[in-house]
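Engineer: What follows is a predicted protein model with its sequence.
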Amino acid sequence: MAHAPMSAAQMRQILASRKIERVVVLGANGTMGYGSGALFTTAVPQVTFLARTKAKADEGLAAAIKQVRSPTVALRVTTGDYEHDLAAAVADADLIFEALTEDFAIKKDIFDKVEAARRDDSIVATVTSGLSINSLCEGRSDSFRRHFLGLHFFNPPNVIVGTELIAGRDTDAAIVDFVDAFSQLRLGREMIRAFDTPAFAGNRVGFKVMNECAQLAGEIGPLLADKLVGPYTGRAMTPLATVDLVGWDIHRAIVDNVYENTNDEVHETLRLPDYMAKLMEKGVLGNKTGGGFFKKEGKTRLVLDPRTGDYRPESEIALPDLDYIDQVAALHRDGRYREGMQVFLNAEGEYAKIARGVIAGYVAYAFNRVGEVTESIDGIDRIMGMGFNAAPPSVLVDTIGVRGVVDMIGEAGLAVPKVLAEAAKTGQPERFFDHPRINIGRFFVAQ
C-alpha cells in the first residue's frame with residue numbers, strides 16, 4: 001500500500017500517542033553514535049551513552065560536545081558500559097538506538113542483550129547504512145520485531161538532515177508513523193521511507209556514482225576524475241574526496257553489500273576497484289589514516305597514483321583542456337543553471353563525454369530504482385539532495401531538459417527509463433522536481 005505523506009496536524013496527533021523521554025545509544029563512542037546521541041539531546045531530556053567501557057562512552061560524550069558545541073549535551077547525557085549499565089538503562093528506555101559497526105554478528109550480540117532487558121513497548125532502531133532490517137531482527141520475539149526499524153541518519157547528523165526510515169516486514173505501522181513524526185517535528189529531519197533493500201536508497205544510488213568514479217580514477221587518475229564529476233555537475237563535494245572523508249572501509253562495506261546482494265543493469269559499476277583493495281591491505285583508508293585518493297603534506301595537496309600507490313603534488317599533474325567546466329561554473333554562479341547545463345550537454349571532447357556518461361548513469365540508475373528502493377522518485381530525490389547534498393536526479397532532468405537527458409543517456413549507451421522516454425515524447429510532466437522547502441540553487445553554488 002502506498003504511503004501518503006502526513007500533514008503537520010496528523011504528525012502532532014501521532015506524536016501525542018506516546019513519549020520519548022529516555023534514549024539509550026549503543027556504540028556511543030563511534031562517530032555515528034555520538035553524533036546521533038547529540039541530536040537526540042535536542043529533543044529528549046535523558047540520553048544514555050553506552051560503549052564497551054565507560055571510558056569509551058566518555059570519549060563519545062566529549063566528541064559530541066565538541067561536534068555540536070552545545071551545553072545541552074553534557075546536561076542531558078549520562079555514560080556507562082554494556083557489562084554494568086546496559087540492562088538497567090535499556091529497561092527504562094523509550095528508544096534504544098544501535099550504532100555499532102556494520103557487522104551482523106556484533107549487532108546480533110548486542111540485540112540479544114537488548115531483547116533480554118527491554119520493555120515490550122520500547123522502540124529499537126538501528127542506524128545501519130544498508131544491512132537488512134528483516135535479517136537483523138530474524139528470530140526475535142514478536143514484540144521486538146513489531147518495534148524494530150532502521151533509522152539511518154547521515155553523518156554528521158547535526159548538519160545533514162536527510163534521514164531514511166526503513167520498516168521491516170513485521171514492524172508495526174503505528175511505530176513507523178510515530179518515529180517518522182518524531183523525527184520530523186522533534187529532530188528536524190527530512191524523512192524518506194525506503195524499502196529494506198541493500199544500502200537502501202541514498203547509499204544505493206550515491207555510492208554507485210562514487211565507485212564508478214573510483215573505477216574511472218584507475219584509468220585517468222583521481223584528480224581528473226574528480227574534476228570531471230565536480231561541483232559544476234551539482235554536488236557540494238567531489239566523489240573521491242567524499243570517499244576519503246567517509247573512509248575506504250565504509251565505502252567498501254557498502255559497495256560490497258550491494259554488489260553481492262543485487263544484480264541490476266549496472267552491476268559491475270559496484271565492484272570495488274582492485275587497486276583500492278590492495279591499498280587497503282597496506283592500511284590506506286582515506287582521511288582517517290592520513291590520506292586516500294588525496295592527502296596533505298603541509299600546505300601541499302598530494303594525489304594518489306592508483307597504478308603505483310605513490311603520491312605526487314597536485315601542481316605537477318597536467319590536466320587536459322577543460323574550459324567548458326569554467327564556463328558552466330560561471331553561469332551557475334549567476335544563477336543561470338539551465339544555460340550552464342546546456343554548455344555541459346554540448347561540450348565537445350572525450351572528457352566531457354566521460355563526465356556526461358557518469359551523470360547520465362546517475363540519473364538513469366536512480367529512475368530505474370523507483371519501486372525497488374522507494375515508492376517514487378521523490379524519495380530518491382530528497383535523500384540525494386538532503387543526505388548527499390547532490391543535485392537530485394529530477395533536478396538534473398528539469399535543469400538539463402528531459403530531451404537532453406534522454407540524449408545523454410543514449411550517448412552513454414544506457415537504457416532510457418520509461419518515464420523519461422515518455423516525458424520526452426509528450427512533454428509531460430513539465431517538471432519532475434517541485435519541493436517548496438528545497439531551493440535547487442543550493443546544489444549548484446559550490447565551485
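Structural biologist: Sure, I can see it.

Engineer: Please parse this structure into its domains.
Structural biologist: 8-194, 202-444 (automatic domain parsing).

Engineer: Would you mind checking the average pLDDT for the shortest one?
Structural biologist: When pLDDT is averaged over domain 8-194, the result is 96.

Engineer: and if you look at the last one?
Structural biologist: This predicted structure assigns domain 202-444 an average pLDDT of 96.

Engineer: now the domains of the chain in JSON lines, with mean neighbour count?
Structural biologist: (Each C-beta comes from the backbone N, C-alpha and C, glycine too.) Listed next are these as JSON lines, based on neighbours: other CB atoms under 10 Å:
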{"stretch": "domain 8-194", "mean neighbour count": "20"}
{"stretch": "domain 202-444", "mean neighbour count": "19"}
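
Engineer: How much space separates residue 271 from residue 388?
Structural biologist: 21 Å (CB to CB, to the nearest Å).

Engineer: Residue 186 contacts residue 14, doesn't it?
Structural biologist: No - assessed by CB atoms under 8 Å, residue 186 is found out of contact with residue 14, at 11.7 Å.

Engineer: residue boundaries of the strands in the chain?
Structural biologist: Taking DSSP state E as the test, the strands found in the chain are 22-26, 46-51, 77-81, 95-98, 123-126, 148-153, 162-167, 190-194, 294-297, 300-304, 311-313.

Engineer: I'd like to know which of these lies nearest to residue 218.
Structural biologist: When these are compared by CB to CB, strand 300-304 sits nearest residue 218, at 10.2 Å.

Engineer: Which strands and helices lie in contact with that closest one?
Structural biologist: With contacts defined as 3 or more CB pairs under 8 Å, 6 or more residues apart in numbering; DSSP states H and E, strand 300-304 has these neighbours: helix 222-228, strand 294-297, strand 311-313.

Engineer: Work out the gap between it and the centre of the chain.
Structural biologist: 26 Å (CA atoms, centre = their mean, to the nearest Å).

Engineer: who touches stretch 375-390?
Structural biologist: Contact with stretch 375-390 is made by 2-3, 154, 160-164, 190, 192-194, 201-202, 205-206, 234-237, 366-367, 369-370, 373-374, 391-395, 419, 432-433, 435, 438, 442-443, as judged by CB atoms under 8 Å, 6 or more residues apart in numbering.

Engineer: Repeat the analysis, applying 7 Å as the threshold.
Structural biologist: Applying CB atoms under 7 Å, 6 or more residues apart in numbering, the contact partners of stretch 375-390 are 2-3, 154, 160-162, 164, 190, 192-194, 201-202, 205-206, 234-236, 366-367, 369-370, 373-374, 392-394, 432-433, 438, 443.

Engineer: Show me those residues that map onto helices.
Structural biologist: 202, 205, 206, 366, 367, 393, 394 (DSSP state H).

Engineer: Would you mind putting the CA coordinates of stretch 10-20 into CSV?
Structural biologist: Once non-C-alpha atoms are left out, stretch 10-20 reads as follows in CSV (Å, rounded to 0.1, in the frame of the first residue of the first chain):
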residue,chain,number,x,y,z
GLN,A,10,-1.6,14.4,11.7
MET,A,11,2.0,14.2,12.9
ARG,A,12,1.2,16.2,16.1
GLN,A,13,-1.7,13.9,16.8
ILE,A,14,0.6,10.8,16.3
LEU,A,15,3.3,12.4,18.5
ALA,A,16,0.8,12.7,21.3
SER,A,17,0.2,8.9,21.3
ARG,A,18,3.4,8.1,23.2
LYS,A,19,6.5,9.8,24.7
ILE,A,20,10.2,9.6,24.1
